[in-house]
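1. only the shape, not the letters, is given here:
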């Protein structure tokens with residue numbers, strides 16, 4: 001009995017231990033599962049969404065391919081900050097604008113469309129009349145072989161711009177500097193920008209680079225310090241925008257006034273470059289050297305601000321120019337600059353007109369100090385940037401440009417050719433209606449209706465840029481098949497973008513004299529300080545307080561305006577009289 005009892009008890013113990021081990025294993029399993037789920041939940045709650053990259057797009061005005069130290073073509077100009085930017089990313093050696101003038105190029109950047117398609121084929125963004133007609137002009141001038149199309153004068157709000165696409169993705173958008181695509185209702189504020197400083201529609205700075213400026217009273221854009229340089233001011237405004245929006249995704253569109261005319265610079269920099277000038281160097285104009293350095297300083301201030309705010313590693317930066325350097329104006333008996341070894345410059349169909357400096361920084365993607373010889377057109381920026389920023393392309397939006405992401409990543413470029421359509425007569429620098437295509441080393445220029453037999457025939461020039469970058473040897477007669485092939489590509493392009501192509505002028509008279517109208521210089525508009533005082537004195541007590549002086553503080557540089565107010569307040573009584581506003585006290 002005892003033995004039976006003992007055996008039964010042992011069996012029960014074994015069964016109990018087996019069940020106990022099972023229950024412990026199960027309990028441990030569920031504890032571990034619970035902890036695991038809790039960890040996953042915690043990680044999910046604390047996980048940060050993919051951070052959006054900021055964008056800083058720096059567009060120089062009239063800065064030529066040889067106006068920087070990027071390509072080893074100048075010993076006169078000094079651009080250490082532009083070079084610093086390029087060394088952080090990728091340098092393009094074959095970057096082109098879609099047109100050799102500013103408004104068409106700017107339009108192509110904002111829309112991703114060719115100037116021939118939009119009809120923006122001249123620097124018409126500031127002209128008085130609003131025009132969206134790109135038909136041929138009639139009647140044609142008798143001294144011109146072909147009838148040419150009219151240029152539109154405003155960027156139509158029917159287009160979905162680069163700024164609008166970026167803004168719709170949750171970005172704060174700011175435009176600083178030159179626009180030249182029309183004043184309200186076609187200003188940056190109607191094309192996707194939250195901020196526009198100084199909200200100016202002119203082709204260059206108002207009056208001068210060094211204050212006093214001549215911006216209209218209603219813009220309320222006075223210098224913050226005496227003799228303030230406009231590029232210094234614009235850089236300060238842009239950096240204030242970065243500082244204000246450092247914790248949000250932003251798009252800073254810094255379209256510099258420099259180095260477009262008027263020819264004006266800081267006295268100390270002009271003196272510096274006067275000492276450097278070599279009479280045997282075609283680049284020797286002191287004021288232009290000063291203007292280039294002021295542009296470079298602004299670029300440096302933008303880079304320094306991004307570095308200081310720890311934004312460099314999450315900001316795409318583009319440096320580009322809207323066309324080649326100006327070689328047709330005259331300053332102190334000299335052209336402003338030289339684009340050598342390229343031929344000609346701004347407004348020209350030759351390389352100096354549309355081949356420009358270009359560098360791109362894409363954090364974590366571009367290799368520092370890299371170069372590419374891939375072809376790039378200004379129409380490519382829109383599709384390229386929204387792909388880099390992972391922004392969905394708007395529905396039904398079509399581009400003439402292509403994404404340069406493969407080239408920026410060090411792969412083969414997406415373009416086999418670039419085309420530039422210039423259907424107008426530009427007396428300076430003697431440009432006649434023409435279109436070029438560059439494919440590989442070969443560049444063919446079709447001069448519309450300029451054949452020896454008259455306007456019924458086109459004329460052609462063919463260059464091998466690998467062996468003749470200065471376009472000095474026309475090889476068209478030696479390569480008839482290549483001319484035919486490339487000309488067919490030009491025709492296909494003009495049809496595809498629905499360009500209004502110049503046609504023979506039936507009224508052409510080879511003996512007719514040019515009928516160019518003489519330019520009338522308009523007197524500068526004086527600033528009406530009395531009207532300005534009346535507008536700011538909102539309570540009509542005969543004084544302007546700081547609050548009245550600033551007005552609506554939204555999107556305004558309040559520190560700069562405060563400093564401006566303090567400089568004018570000679571009595572230090574925290575209010576301005578009319579005499580103080582006029583600077584008479």
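-> Thanks, I have it. Since the model is a prediction, treat every value here as computed from it, not as a measurement.

2. quick check: residue 372 vs residue 279, distance?
-> 37 Å (CB to CB, to the nearest Å). Quick note: C-beta positions are derived from backbone N, CA and C, even for glycine.

3. so the two - more neighbours on which side?
-> Taking neighbours as other CB atoms under 10 Å, residue 372 and residue 279 compare with residue 372 leading, 24 against 5.

4. the more buried one touches residue 95, doesn't it?
-> No. Counting by CB atoms under 8 Å, residue 372 sits too far from residue 95 to count as a contact (9.4 Å).

5. sketch out the low-pLDDT regions of the stretch 101-250 of the chain for me.
-> Scanning the stretch 101-250 of the chain for pLDDT under 70 picks out no residues.

6. can you give me the strands in it?
-> Along the stretch 101-250 of the chain, counting by DSSP state E, counting those that start in this stretch, strands occupy 146-147, 172-177, 195-197, 250-255.

7. then the stretch 301-450 of the chain?
-> Counting by DSSP E, counting those that start in this stretch, the strands of the stretch 301-450 of the chain are 315-321, 358-361, 370-377, 417-422, 434-439, 442-447.

8. hey, which helix or strand in the chain has the poorest pLDDT?
-> helix 2-46 (a mean of 41; mean pLDDT, DSSP states H and E).

9. quick check: next helix or strand after that helix?
-> strand 54-60 (DSSP states H and E).

10. and that following strand, which strands flank it?
-> Paired neighbours of strand 54-60 in the sheet (DSSP bridges): strand 250-255 (parallel), strand 315-321 (parallel).

11. so what's the residue nearest to residue 417 when sequence neighbours are not counted up against?
-> Spatial nearest neighbour of residue 417, excluding adjacent residues (CB to CB, 6 or more residues apart in numbering): residue 439 at 4.1 Å. Shown in contact with residue 439 (CB atoms under 8 Å, 6 or more residues apart in numbering): 416, 417, 486, 489.

12. give me the beta-bridge partners of the residue lying closest to the first one once chain neighbours are set aside?
-> Translated: residue 416. Counting by CB to CB, 6+ apart, residue 416 lies nearest to residue 439, which is 6.2 Å off, once chain neighbours are set aside. When bridges are called by DSSP bridges, residue 439 pairs up with residue 417, residue 442.

13. can you check the pLDDT for residue 439?
-> In the predicted model, residue 439 carries a pLDDT score of 98.

14. got it, and the one 5 residues further on?
-> At residue 444 the predicted local distance difference test score is 98.

15. cool, residue 58 as well?
-> 98.

16. and the angle from the host helix or strand of residue 85 to strand 370-377?
-> Element membership for residue 85 (DSSP H and E) is helix 80-88. Helix 80-88 and strand 370-377 meet at an angle of 100 degrees, taking axes from the mean of the first three to the mean of the last three CA atoms, to 10 degrees as the criterion.

17. which strands or helices does helix 80-88 pack on?
-> Counting contacts by 3 or more CB pairs under 8 Å, 6 or more residues apart in numbering; DSSP states H and E, helix 80-88 packs against helix 286-308, strand 315-321, strand 358-361.

18. so which of these gets nearest residue 147?
-> Among these, strand 315-321 comes nearest to residue 147, with 31.2 Å by CB to CB.

19. pLDDT on the closest one, on average?
-> Strand 315-321 comes out at a mean pLDDT of 98.

20. report the inter-axis angle for that strand versus helix 286-308.
-> Counting by the same axes, to 10 degrees, strand 315-321 points 170 degrees away from the direction of helix 286-308.

21. which residues in the stretch 201-350 of the chain form helices?
-> 230-244, 267-276, 286-308 (DSSP state H, counting those that start in this stretch).

22. now the second one: buried residues?
-> Going by neighbour count (16 or more other CB atoms under 10 Å), the buried part of helix 267-276 is 269, 270, 272, 273.

23. residue 404 versus the spatially closest residue to residue 122 that is not a sequence neighbour, what's the distance?
-> Computed as CB to CB, 6+ apart, the closest residue to residue 122 that is not its neighbour in sequence is residue 151, at 3.8 Å. Distance, residue 151 to residue 404, using CB to CB: 27 Å.

24. try residue 56
-> 17 Å.

25. the more surrounded of the two?
-> More neighbours surround residue 404 than the other of residue 56 and residue 404, with 27 against 24 (other CB under 10 Å).

26. which phi and psi does that one have?
-> In terms of degrees, to the nearest 10, the main-chain angles of residue 404 are phi -90, psi 10.

27. just give me the neighbour total for residue 169.
-> If you count neighbours by other CB under 10 Å, residue 169 ends up with 15.

28. then residue 177?
-> Neighbours around residue 177, by other CB under 10 Å: 28.

29. mind listing the residues bridging to the residue nearest to it when sequence neighbours are not counted?
-> Closest residue to residue 177 apart from its sequence neighbours, by CB to CB, 6+ apart: residue 255 at 4.3 Å. Counting by DSSP bridges, residue 255 is bridged to residue 59, residue 177.

30. domain ranges for this protein, per the record?
-> 54-115+156-413, 529-582 (automatic domain parsing).

31. among the ones you listed, which is nearest residue 476?
-> domain 54-115+156-413 (14.4 Å).

32. gap between the two ends of that closest one?
-> Using CA to CA, to the nearest Å, the end-to-end distance of domain 54-115+156-413 comes out at 24 Å.

33. where's it relative to the chain centroid, distance-wise?
-> Distance of domain 54-115+156-413 from its chain centroid, counting by CA atoms, centre = their mean, to the nearest Å, is 5 Å.

34. pull the contacting residues for residue 385.
-> By CB under 8 Å, 6+ apart, the neighbours of residue 385 are 55, 57, 162, 166, 316, 318.

35. if we use 10 Å, what do you get?
-> Contact analysis of residue 385 by CB atoms under 10 Å, 6 or more residues apart in numbering lists 53, 55, 57, 109, 112, 162, 165-166, 251, 316, 318, 360, 362, 391, 403-405.
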